[in-house]
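what's the 3D shape of this:
(one chain, ligands or ions: 1)
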Amino acid sequence: MRVPRITPNLSAAISAVVLIVLASLWIGQHSDWLMPVAADREAKLVDDLFTFMLVIASAIFLGVQGILLYSAFAFRRKPGDMTDGPPLEGNIKLEILWTLIPTVLVLYLSVYSYSTYLQLGAAGPMESAHLHLPSSAANAAPTQVDKAVLPLEINIQAMQFAWIFDYPKGIQTGELHVPLGKPVLLKMKSNDVIHGFWVPEFRLKQDVIPGRTTTVRFTATRAGQYVLNCTQLCGTSHGVMRADVFVDKPEDYQKWLASQAALPSQLRTAKGLPKTTIISQVPLHTEQTRALVGNLRTQEQ
Ligand SMILES: [Cu+2]
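Okay, the predicted model is just below:
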């Protein structure tokens with residue numbers, strides 16, 4: 001059987017490739033439609049990676065679907081044609097090409113993703129990495145710079161099914177407040193099972209594991225209220241294991257901290273009870289749990 005020769009129309013092929021590239025870049029430009037607002041400096045790293053992956057994925061999708069649609073119309077069966085399709089077999093050049101392109105893409109994406117991961121400080125303790133110099137402090141004396149970049153440390157306890165935030169001077173709250181523009185280091189522990197810290201607007205996710213301290217570093221850049229979700233299925237009420245996250249202007253943050261320090265402990269009668277017991281006595285309803293944990297504040301141990 002004679003194999004029909006497809007005469008490539010070079011200018012049409014080039015136009016199609018250019019169109020696909022332009023369309024993919026346009027989709028990449030609008031990747032923010034698919035993401036929540038970005039509320040910290042780290043978000044840019046993740047968003048850039050996401051945009052890059054979206055451009056590649058769009059180009060592959062449009063290319064494959066375009067060839068499929070074109071073929072379906074251009075090579076459709078003519079009326080009255082009852083013959084079999086031509087026996088096409090092997091094409092070394094094409095096989096090399098479609099092995100090489102995905103290999104290069106996957107390798108490049110691995111390197112790019114891992115570099116983003118390292119920059120986010122997610123690969124473990126990296127004391128030298130990820131400290132942001134505020135521009136005003138950049139020219140200051142070394143001692144001032146050191147002080148300026150020291151991150152604010154907040155300890156977090158995760159438990160079924162609540163988050164508790166431990167601030168200096170024994171202040172415990174059920175809401176996470178962080179100051180705008182200051183590096184923050186969260187040190188997280190779990191009191192029972194594996195939980196997961198995730199604030200979509202920060203683009204950061206980290207497991208909270210019993211017997212280990214895991215960390216998250218970020219610098220919030222957008223004041224507002226967000227939600228912290230638990231991402232690990234940690235029990236029957238996993239779905240309500242949320243907490244409010246506030247990014248406050250520095251003066252508002254100080255005011256909030258002072259108001260928390262002045263708050264009388266509403267759980268003095270329960271003093272001595274393990275905190276988990278106090279939490280577990282509350283019906284596991286989001287609002288009630290939040291209200292209780294929000295008021296939970298113990299004196300210095
Ligand atoms: Cu959980």
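
From here on, just use CA atoms for contacts and neighbour counts.
Will do.

What's opposite the residue of the chain found nearest the ion in the beta bridge?
Closest residue of the chain to the ion, C-alpha to the ion: residue 195 (4.1 Å). Beta bridges link residue 195 to residue 208 when assigned by DSSP bridges.

what sits against it?
Contact analysis of residue 195 by C-alpha atoms under 8 Å, 6 or more residues apart in numbering lists 158, 159, 207, 208, 209, 230, 231, 232, 233, 234.

Quick check: the gap between the closest residue in space to the fifth one that isn't next to it in sequence and residue 157.
Across the structure, with C-alpha to C-alpha, 6 or more residues apart in numbering as the measure, the residue nearest residue 209 apart from its sequence neighbours is residue 194 (4.8 Å). Between residue 194 and residue 157 the computed distance is 11 Å (C-alpha to C-alpha, to the nearest Å).

Next: residue 65.
Distance from residue 65 to residue 157, by C-alpha to C-alpha: 49 Å.

the more surrounded of the two?
A direct count of neighbours by other C-alpha atoms under 10 Å for residue 65 and residue 157 places residue 157 higher, at 19 against 12.

is it true that the more buried one lies in a helix?
No. Counting by DSSP: H, G, I helix; E, B strand; the rest coil, residue 157 is not part of a helix but strand.

For the chain, which segments are assigned as strands?
152-159, 162-167, 171-173, 176-179, 183-190, 195-199, 204-208, 214-219, 224-230, 242-248 (DSSP state E).

Near the ion, which residues of the chain are found?
Contacts of the chain with the ion, taken as C-alpha under 5 Å from the ion, map to 195, 230, 234.

give me the number of residues near the second one?
The burial count assigned to residue 230 is 27, neighbours taken as other C-alpha under 10 Å.

Tell me if I'm right that it and residue 238 touch.
Yes. At 7.0 Å, residue 230 counts as touching residue 238 under the criterion of C-alpha atoms under 8 Å.

Out of the strands of the chain, the one nearest residue 15 is which?
Among the strands of the chain, the nearest to residue 15 by C-alpha to C-alpha is strand 204-208 (40.2 Å).

Show me what that closest one is in contact with.
Residues contacting strand 204-208 (C-alpha under 8 Å, 6+ apart): 43, 122, 158, 188-190, 194-199, 214-216, 232.

Now do that strand, average pLDDT.
The average pLDDT within strand 204-208 is 92.

so it versus strand 183-190, what angle?
For strand 204-208 against strand 183-190, the angle by axes from the mean of the first three to the mean of the last three C-alpha atoms, to 10 degrees is 30 degrees.

Any idea how far strand 204-208 is from the middle of the chain?
9 Å (C-alpha atoms, centre = their mean, to the nearest Å).

That one relative to strand 195-199, how many degrees between them?
160 degrees.

ok so, going back, quickly, which of the strands of the chain bottoms out on average pLDDT?
Looking at those, the bottom one is strand 171-173 with a mean of 86.

What pairs with it, parallel or antiparallel?
strand 162-167 (antiparallel).

Give me the buried subset of the contacts of residue 195.
Neighbour-count burial (16 or more other C-alpha atoms under 10 Å) applied to the contacts of residue 195 gives 158, 159, 207, 208, 209, 230, 231, 232, 234.

Looking at these, which is nearest residue 251?
For the buried ones among the contacts of residue 195, the nearest to residue 251 is residue 158 (27.9 Å; C-alpha to C-alpha).

what's the closest one in contact with, if anything?
By C-alpha under 8 Å, 6+ apart, residue 158 lies in contact with 164, 188, 189, 190, 191, 192, 195, 208.
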